[in-house]
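# sharing a sequence plus its predicted fold:
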Amino acid sequence: MNRARQNIFNMIAAHTLLLAYMVLALFPVFIILINSFKTRRAIFRHPLMPPDTDSFSLTGYETVLKQGDFLHYFQNSMIVTVVSLFFILLFGAMAAFALAEYRFKGNSWMGLYLALGIMIPIRIGTVSILQIMVATGLVNTLTALILVYTAQGLPLAVFILTEFMKQVSNDLKNAGRIDGLSEYAIFFKLVLPLVRPAMATVAVFNMIPIWNDLWFPLILAPAEETKTLTLGSQVFIGQFVTNWNAVLAALSMAIIPVMTLYVFFSRQLIRGITAGAVK
Amino acid sequence: MGMITTRKPPFKWHIVVFLAPAVLVYTAIMIFPMIDTMRLALFSSIDNHQVFVGLKNFKTLFGDPRWSEHFWNALGNNTWFFIIHMLVQNPVGIALAAILSVPTLRFAPAYRTIVIIPTILSFVIVGFSWKLILSPLWGIAPSMLDMIGLKSLFHPWLGKEQYALTTLALISVWQFIGIPMLLIYAALLTIPEEILEAAECDGLTGFSQFWKIKLPLILPSIGIISILTFVGNFNAFDLIFTAQGPVAGPNYSTDILGTFMYRTFFGYQLQLGDPNLGATIASTMFLIILIGVCIYLFTIQRRLRRYQF
């Protein structure tokens, strides 16, 4: 009896703590979103109230759509993220297959070499990366960003995918070889479909840092035509600091795509991080 | 005829084909620039020519008052930034994970999903949103403190030298707490059921069970989140840049190595950019991160191995 009561008490305490934390986690996003739909007066008078018929206003969004090229920024971010992910997955899976499947001289050294980049951030090499991009005429192109993000994503991708590739059954691959499949066909037709869940995990891990990065767009591609959504909103907000409607609308427009993506991929992301538990 | 020929197996070109794209991109865009950055740190631009100067740039950075003051300030701030993460982010993350891992807890998936939301937002969103919320102009923070009768506690935190850095560190904690939480949560789930049952038979439940049984078993994961935090913090830039600008105000009180490198490399206001000194700061950051990673690999991780079974 006493024990049961204590349990209920503990559970209530646990939920209270968690709920308090959830409020803290969601509160800023909520405040930004509701205020982006309000008139300037209402933003300052009643910042905590949701918009009503009186205070509803879209002036912020009108300014953003008129003054900033957000659709274009969004498109740039989309291209950079999708193409980088494609190369990270393709090149990463190919290298992981070579490391997991074949015994050759220097195999483990190659694995170690490719793993170095997991811990050492690529930003350390920025000075030289910029010089390379200047020398090759890639400054202010999306290609520069795609190259950098591909290089940045490869080490962890190779590391995770190698572990998964090692689990693919040898019998299957050998059966393929007896049927006369080339090594390339074995990789693309037999192995790749089997490691799709691991590829999805790698994709979700890389997607968010690439989409949100500010450093490389700022340094390698700050031109108007190549601005990503993150850099675009940074610059826009910097210019419109005093226009609260516009700032709040710009923030909301930056929040919405990530939140939408998150709704689709949150389970994959959480499963990816907690994968160690399932294995 | 019985001639024994040891034929060499044909060269396996497909291995090269599989490895080449990843190795080339990684070497050209990641490894080469890192080595090259360290090389640039040993040169100086004199009359538009790159001249080898040995460790002179490092001497300037650590000893020349024009630079060293900013450098030591940034390093000190960065260390404080890291300490706040270790003291707040990781313990709170562990506590949240411990609560979430209670098997009878309801709605755990929903809680888990929400804790990650700040982590997926970009620094631009996080930096500006908190800047608006803490702004004395808008008054959300003061009016909320007023509701609980603590209005006198309000300060324009981001604008005051003595508070700005700690405030930003806490904002960063708010953003990233989901990562230690999930990693510890995953580790807690791997603890074998038998161990927990044995503990319960010995009368260990609830908090004392967590403290005496679970915590020692998840020490390896705590090691991992510590080193991830270390690398992330000594490489941070975006949040400070968005919230306080490249000058990391007020009066450089929020300057960390990342913002210091950016300013040195690109120049700002009247000062011209200096790629060589920028490379010197980057090399120093590399050394700091390398030392941290080595300490982790050779001492912490090795000692923790003994706990595993």
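Yep, that arrived.

# which residues in the stretch 201-309 of chain B form helices?
Ranges of helices in the stretch 201-309 of chain B, per DSSP state H, counting those that start in this stretch, are B:206-209, B:215-217, B:219-233, B:238-244, B:257-266, B:275-295, B:301-305.

# tally of neighbours for residue 178?
By default, I'm working from chain A. Applying other C-beta atoms under 10 Å in any protein chain shown, we find 7 other residues in the vicinity of residue A:178. (C-beta placed from N, C-alpha, C; glycine too.)

# can you look at chain B instead?
Neighbours of residue B:178 under the rule other C-beta under 10 Å: 26.

# per-residue pLDDT of it, please?
Residue-level confidence at residue B:178 comes out at 89, pLDDT.

# tell me the secondary structure at the residue in chain A that chain B sits nearest to.
In chain A, the residue that lies nearest chain B is residue A:125 (3.1 Å; C-beta to the nearest C-beta). Taking DSSP: H, G, I helix; E, B strand; the rest coil as the rule, one finds residue A:125 in the helix state.

# OK, contacts around it?
Going by C-beta atoms under 8 Å, 6 or more residues apart in numbering or on different chains, residue A:125 touches B:30, B:32, B:33, B:34, B:36, B:37, B:282.

# what about the closest residue to it other than its chain neighbours, which helix or strand?
Using C-beta to C-beta, 6 or more residues apart in numbering or on different chains and skipping the chain neighbours, the partner closest in space to residue A:125 is residue B:33 (3.1 Å). According to DSSP states H and E, residue B:33 maps onto helix B:32-40.

# quick one: contacts of that helix?
By C-beta under 8 Å, 6+ apart, the list of residues contacting helix B:32-40 reads A:120, A:122, A:124-129, A:131-132, B:275-276, B:279, B:282-283, B:286.

# if you set the cut-off to 7 Å instead, what comes out?
A:124, A:125, A:127, A:128, A:129, A:132, B:275, B:276, B:279, B:282, B:283, B:286 (C-beta atoms under 7 Å, 6 or more residues apart in numbering or on different chains).

# relative to residue A:82, which of those is nearest.
Of all the contacts of helix B:32-40, residue A:82 sits closest to residue A:129, with 21.7 Å by C-beta to C-beta.

# spit out the contact partners of the closest one.
Per C-beta under 7 Å, 6+ apart, neighbours of residue A:129: A:148, B:29, B:33.

# out of the helices of the stretch 201-309 of chain B, which comes closest to residue A:243?
helix B:238-244 (17.5 Å).

# what about the strands in chain B?
Using DSSP state E, the strands found in chain B span residues B:43-46, B:49-52, B:267-268, B:271-272.

# ok, the last one: who's next to it in the sheet?
Meaning strand B:271-272. Applying DSSP bridges to the sheet, strand B:271-272 is found paired with strand B:267-268 (antiparallel).

# what does the partner strand contact?
Strand B:267-268 has contacts (C-beta under 7 Å, 6+ apart) with B:246, B:247, B:273.

# of those, which is the most crowded?
Highest count within those by other C-beta under 10 Å belongs to residue B:246, 18 neighbours.

# okay, it: pLDDT?
If you check residue B:246, the pLDDT there is 86.

# would you confirm that it contacts residue B:261?
No. Look at residue B:246 against residue B:261 with C-beta atoms under 7 Å: they stay out of range, at 10.7 Å.

# intersection of neighbour lists for the two?
With contacts defined as C-beta under 7 Å, 6+ apart, no residue is shared by residue B:246 and residue B:261.

# now do the SS call for residue A:49.
coil.

# next, count neighbours for it.
By other C-beta under 10 Å, the residues close to residue A:49 number 12.

# dump the helices of the stretch 201-309 of chain B to a markdown table, plus distance to chain A.
As requested, these are exported to a markdown table (distance: least, C-beta to the nearest C-beta, whole Å):
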| stretch | distance to chain A |
| --- | --- |
| helix B:206-209 | 7 |
| helix B:215-217 | 13 |
| helix B:219-233 | 6 |
| helix B:238-244 | 5 |
| helix B:257-266 | 6 |
| helix B:275-295 | 4 |
| helix B:301-305 | 12 |
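
# rank those helices by pLDDT, which is bottom?
Of all these, helix B:301-305 has the smallest average pLDDT, which comes to a mean of 66.

# one step back: got the angle between the helix holding residue B:33 and helix B:275-295?
Counting by axes from the mean of the first three to the mean of the last three C-alpha atoms, to 10 degrees, helix B:32-40 lies at 120 degrees to helix B:275-295.

# tell me which residues of helix B:32-40 are tucked away?
B:32, B:33, B:34, B:36, B:37, B:38, B:40 (16 or more other C-beta atoms under 10 Å in any protein chain shown).

# ok, back up a step: could I get the helices of the stretch 201-309 of chain B in a markdown table, plus columns for mean neighbour count?
Formatted as a markdown table, those follow (neighbours: other C-beta atoms under 10 Å in any protein chain shown):
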| stretch | mean neighbour count |
| --- | --- |
| helix B:206-209 | 12 |
| helix B:215-217 | 14 |
| helix B:219-233 | 19 |
| helix B:238-244 | 25 |
| helix B:257-266 | 24 |
| helix B:275-295 | 21 |
| helix B:301-305 | 12 |
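
# so which of those helices gets nearest residue A:264?
helix B:238-244 (24.6 Å).

# now do that closest one: which elements does it pack against?
helix B:123-134, helix B:161-176, helix B:257-266 (3 or more C-beta pairs under 7 Å, 6 or more residues apart in numbering or on different chains; DSSP states H and E).

# and of the strands of chain B, who's closest to residue B:231?
Ranking these by proximity to residue B:231 (C-beta to C-beta) places strand B:267-268 first, at 26.2 Å.

# what's the spacing between the closest one and its chain's center?
For strand B:267-268, the gap between its own C-alpha mean and the chain's C-alpha mean amounts to 25 Å (C-alpha atoms, centre = their mean, to the nearest Å).

# and for stretch A:200-212?
Averaging C-alpha positions (C-alpha atoms, centre = their mean) puts stretch A:200-212 3 Å from its chain's average.
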